[in-house]
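Undergrad: Predicted model and sequence below, questions to follow.
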Number of protein chains: 6
Amino acid sequence: MSSEAGFTHFTQDGRPVMVDVSDKPSTKRVAVAQARVRMQSTTHDAIVHQAVRKGDVLAIAQLAGIMAAKKTSELIPLCHQVPLHHVALDLAFEDTGTSGNGGEAVLVIEAQVDTAYQTGVEMEALTAASVAALTVYDMCKALDRAMVVEQVRLLYKDGGKSGVFQAPQNA
Amino acid sequence: MSSEAGFTHFTQDGRPVMVDVSDKPSTKRVAVAQARVRMQSTTHDAIVHQAVRKGDVLAIAQLAGIMAAKKTSELIPLCHQVPLHHVALDLAFEDTGTSGNGGEAVLVIEAQVDTAYQTGVEMEALTAASVAALTVYDMCKALDRAMVVEQVRLLYKDGGKSGVFQAPQNA
Amino acid sequence: MSSEAGFTHFTQDGRPVMVDVSDKPSTKRVAVAQARVRMQSTTHDAIVHQAVRKGDVLAIAQLAGIMAAKKTSELIPLCHQVPLHHVALDLAFEDTGTSGNGGEAVLVIEAQVDTAYQTGVEMEALTAASVAALTVYDMCKALDRAMVVEQVRLLYKDGGKSGVFQAPQNA
Amino acid sequence: MSSEAGFTHFTQDGRPVMVDVSDKPSTKRVAVAQARVRMQSTTHDAIVHQAVRKGDVLAIAQLAGIMAAKKTSELIPLCHQVPLHHVALDLAFEDTGTSGNGGEAVLVIEAQVDTAYQTGVEMEALTAASVAALTVYDMCKALDRAMVVEQVRLLYKDGGKSGVFQAPQNA
Amino acid sequence: MSSEAGFTHFTQDGRPVMVDVSDKPSTKRVAVAQARVRMQSTTHDAIVHQAVRKGDVLAIAQLAGIMAAKKTSELIPLCHQVPLHHVALDLAFEDTGTSGNGGEAVLVIEAQVDTAYQTGVEMEALTAASVAALTVYDMCKALDRAMVVEQVRLLYKDGGKSGVFQAPQNA
Amino acid sequence: MSSEAGFTHFTQDGRPVMVDVSDKPSTKRVAVAQARVRMQSTTHDAIVHQAVRKGDVLAIAQLAGIMAAKKTSELIPLCHQVPLHHVALDLAFEDTGTSGNGGEAVLVIEAQVDTAYQTGVEMEALTAASVAALTVYDMCKALDRAMVVEQVRLLYKDGGKSGVFQAPQNA
């Protein structure tokens, strides 16, 4: 068995292609992706304090993620242009928060995307979560250039021939 | 001391703004960012085998990263539009490769961006590395939906008032 | 009753979201929007005179409006990506024209957008009318920097659960 | 004197062109534009009440305006691609507010854009103000479809051969 | 008979419009377009030699064509936004190759696009082929500035009211 | 001597890269490109007749070319983002016109682009000419699907280390 049997973005002779979904039925699709941003606890404090006033790092990152989901097919070369029915992001600090973790805090970003189409929306959810994380980086980088976006991954997807995917715990 | 002193993307009353760089001198800037993609060793094998033939996951991801660098200011809301002088990505599997790591392999992506402008290119390098990583995910997801993009971070930057940043080891 | 009951772009805890239209039926939608551009009568004369020769301010503005309608979801953060079935703009000077109005003339721009989708196209029609008006400004600004775009508003929409909207007269 | 002498976007035979700025010096430029959104006082109340909680219509509109400024040359056909040094929007309700005006309120949006380039940034400021206003419309349209964006106009510009422009009062 | 009867992008009074496809049924559509790039045989040799190593002019051009197909409605003013179901490009040198043609070689690019929609995808296929050809030019222009893209044309289309089109031989 | 010495878009080990122009001086650059559209003489007549009324195929194609020049770096993967100082297109039918050529006519499109930057604008001129030609195709395709875009090529360029290029006659 050839390893290429598993790739969906190559033709039989190994050339890249936007795969033909003409004969796939349009079905309901959902995907949930996550990104985590590790930062100094002082950066966490600055974000939280700022949010009390009018500027709000998390609200801007959330909006950037929603807008990026709509741009996915421009960024990922072989992605289809999927009209999205719903995009929502949730951004929250982990409870261990600022103290338990050696002076570090972790912001957890979850992005959910829904549609009804011939192909799934995993890349849209991953792009939304990634761009939201990068936006947090951009807004806080003057405070903390060593922030790390860790664990960008798919948490869940449903719809389509391959059915449900649920990420393993502790990945 | 107010925490807002540290933010550069908010005005004094806490509103978001694209910061004024009018009075900053145009100087040479460089930034290097990294993303790591953890995958099953069978996925690694498929990528390497494919590359021997004409399709090439890594070449497509590399190109996607270069093109994404040019779109950074469309994705990150408060980024300036920086005309880039040089964008280069390097993608290589870690030596421990397919065996030493419990059946896993790690692809290391490094993106370097150079310019001469009034503001830095950290976000362009991070965006290039992130989108290259997401492109690898897209092309291999039929094989391995549990791949994780980890450790998206700035490795190095130089130029501008804040000078050199070098990421800590073992971050 | 909470005021948030009326907002469709916020979740229950007040976060922005691209609202879920998964369960809405795809129905025929139409929206008509208007923008008015008030200018000096000498500017009106220049536009009309130019149109006799080959350059044509109104034709360029019309095209800019059509192209902008297709970009609406990139501009308005929480808009869905609606595939448009029809976009048409009409640009004409008000009859009172150059004389009756204290040396001023008013260009009336109307944009109509049609689709069949799960959500309406009010924003597409408003964006088309606005960008057409700004394009007129751009092309005539060397003549008349005091031009004013006034009365950008929705004239009519039909389709969807909320049914017909007809703008009040003399708004 | 031909009326075409005044147009800068046409060649001598009347064809549209992106005008040649090769021989213009790069100088500091600033432009300030305004848009006003007239709405029912109940809509004003909903915006203000919402802002106390986490969602914030004005913050989203502000961000949309900043991002739109960066897209101006994609929207206005003959605009140059100007790298912007600074974009800031201010959104505030007029003092007369909800009571004095027959049950109506007016939101005033001001956008300032700065650069140093061979051409001005009037269109960038006008685009930022317009798109911010349309975003307010989008987020409140379920409450108040009769909102009107009125008085989109240039308030001030400086830099370049034509020097300072200051909008007349009571325009 | 008026010549305008034949145009589909103008209204009865001659104004451009994005034509109304609301009442057209969504049917399967396919289009195949071609571009040919004539170059020196030494340029051909450089492309072929390069492909043996990791860089690959043809693979990059192929990817550029796929991504351009998705941007067609941003480039061609009156095109609809068609969600594409399949995009594939084939790039190959003509057999006469490097010798028989006076020291010249011809690269043949074919692009196929499929969808199911209310309008066809001829422009998407032509755009994909054109941009792939221009990308070849870009990557080889330091070697051969006199390369010519010749014969960009539609080879075949099916679907829609006008039925099958098959390009004449020897066009 | 390796053939790769001639490529400017690959690193020494054959990977694609956006080449480093950091150390190149910013100098005046100009490029002129051409595209030719061969069509039936009846299509020529329809275009010319239409132009007498308000719709104007050539004016729309001209505008599409100008706007496409600004999008070049989004289309051609390894192109730099060059801020353009001047874009002008000229579209005219060849004199032999409708009669001498076996019932065919040829529309000649010339695009000139100017800038002052560290790299040239050949690709911008070629992209402008190509997209203008494709726009003509789009607007006339209901009349004449067998139109051919031919001879897309660089006519002239100046500026930069490689100096002047002048296309050979009768290419």
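TA: Noted; the coordinates are in hand. Numbers count the residues shown, from 1 in each chain, chains lettered A, B, ... in the order given.
Undergrad: Can you give me the buried ones in the worst-scoring helix or strand of chain A on mean pLDDT?
TA: Lowest on mean pLDDT, DSSP states H and E among the helices and strands of chain A sits helix A:41-52, with a mean of 84. Residues of helix A:41-52 classed as buried by neighbour count (16 or more other Cβ atoms under 10 Å in any protein chain shown): A:Ser41, A:Thr43, A:His44, A:Ala46, A:Ile47, A:Val48, A:Gln50. Every residue, glycine included, has its C-beta placed from N, CA and C.
Undergrad: likewise stretch A:17-34?
TA: Within stretch A:17-34, the residues scored as buried using 16+ other Cβ under 10 Å are A:Val17, A:Met18, A:Val19, A:Val21, A:Arg29, A:Val30, A:Ala31, A:Val32, A:Ala33, A:Gln34.
Undergrad: doesn't A:Leu78 make contact with the first one?
TA: Spelled out, that is A:Val17. Yes. If you go by Cβ atoms under 8 Å, A:Val17 and A:Leu78 touch, sitting 7.2 Å apart.
Undergrad: which residues do these two both contact?
TA: By Cβ atoms under 8 Å, 6 or more residues apart in numbering or on different chains, A:Val17 and A:Leu78 have these common neighbours: A:His9, E:Ile66.
Undergrad: Next up, the contacts around A:Ala31.
TA: By Cβ under 8 Å, 6+ apart, A:Ala31 lies in contact with A:Gln112, A:Val113, A:Gly120, A:Val121, A:Glu122, A:Glu124, A:Ala125, A:Leu126, A:Leu154, A:Tyr156, A:Lys157.
Undergrad: ok, 6 Å please
TA: A:Val113, A:Val121, A:Glu122, A:Ala125, A:Lys157 (Cβ atoms under 6 Å, 6 or more residues apart in numbering or on different chains).
Undergrad: Nearest to F:Phe93 among those?
TA: Relative to F:Phe93, the closest of the contacts of A:Ala31 is A:Val121; by Cβ to Cβ it sits at 48.2 Å.
Undergrad: So A:Asp23, which state does it fall into?
TA: Under DSSP: H, G, I helix; E, B strand; the rest coil, A:Asp23 falls in the coil class.
Undergrad: I'd like to know how far it sits from A:Leu78.
TA: Applying Cβ to Cβ, to the nearest Å, the value for A:Asp23 to A:Leu78 is 18 Å.
Undergrad: ok, now A:Thr135?
TA: Counting by Cβ to Cβ - A:Thr135 and A:Leu78 are separated by 25 Å.
Undergrad: who's more crowded, the two?
TA: Each of A:Thr135 and A:Leu78 has its neighbours counted (other Cβ atoms under 10 Å in any protein chain shown); A:Thr135 has more, 29 against 22.
Undergrad: neighbouring contacts of the host helix or strand of that one?
TA: Applying DSSP states H and E as the criterion places A:Thr135 in helix A:122-140. Here helix A:122-140 makes contact (Cβ under 6 Å, 6+ apart) with A:31, A:33-35, A:37, A:43, A:57, A:61, A:64-65, A:68-69, A:72, A:76, A:79, A:89, A:109, A:111, A:113, A:147, A:149, A:152, A:154, A:157, B:9, B:75-76, B:123, B:126, B:130, B:134, B:138.
Undergrad: which of the residues in it are buried?
TA: A:122-140.
Undergrad: Dig out what A:Ala105 forms beta bridges with.
TA: A:Met39 (DSSP bridges).
Undergrad: my guess is it contacts A:Ser41, does it?
TA: Yes. Shown here, A:Ala105 and A:Ser41 form a contact pair, counting by Cβ atoms under 6 Å, at 5.0 Å.
Undergrad: Would you check how far apart the nearest residue to A:Ser22 once chain neighbours are set aside and chain F are?
TA: Once flanking residues are discounted, A:Ser22 sits nearest to E:His85: 4.5 Å by Cβ to Cβ, 6 or more residues apart in numbering or on different chains. Look at E:His85 and chain F: by Cβ to the nearest Cβ, to the nearest Å, they are 21 Å apart.
Undergrad: just A:Leu58 next, same as before
TA: Taking Cβ to the nearest Cβ, one finds A:Leu58 at 30 Å from chain F.
Undergrad: If we ignore the residues flanking it in sequence, what's nearest that residue?
TA: A:Leu91 (4.5 Å).
Undergrad: so that neighbour sits in a strand?
TA: Yes. Counting by three-state DSSP, A:Leu91 falls inside a strand.
Undergrad: and it, how far is that from B:Leu78?
TA: Distance, A:Leu91 to B:Leu78, using Cβ to Cβ: 17 Å.
Undergrad: ok, A:Lys161 to chain D distance?
TA: Between A:Lys161 and chain D the computed distance is 36 Å (Cβ to the nearest Cβ).
Undergrad: What residue, apart from its backbone neighbours, is nearest that residue spatially?
TA: Distances taken as Cβ to Cβ, 6+ apart place A:Lys24 nearest to A:Lys161, at 7.5 Å, with adjacent residues excluded.
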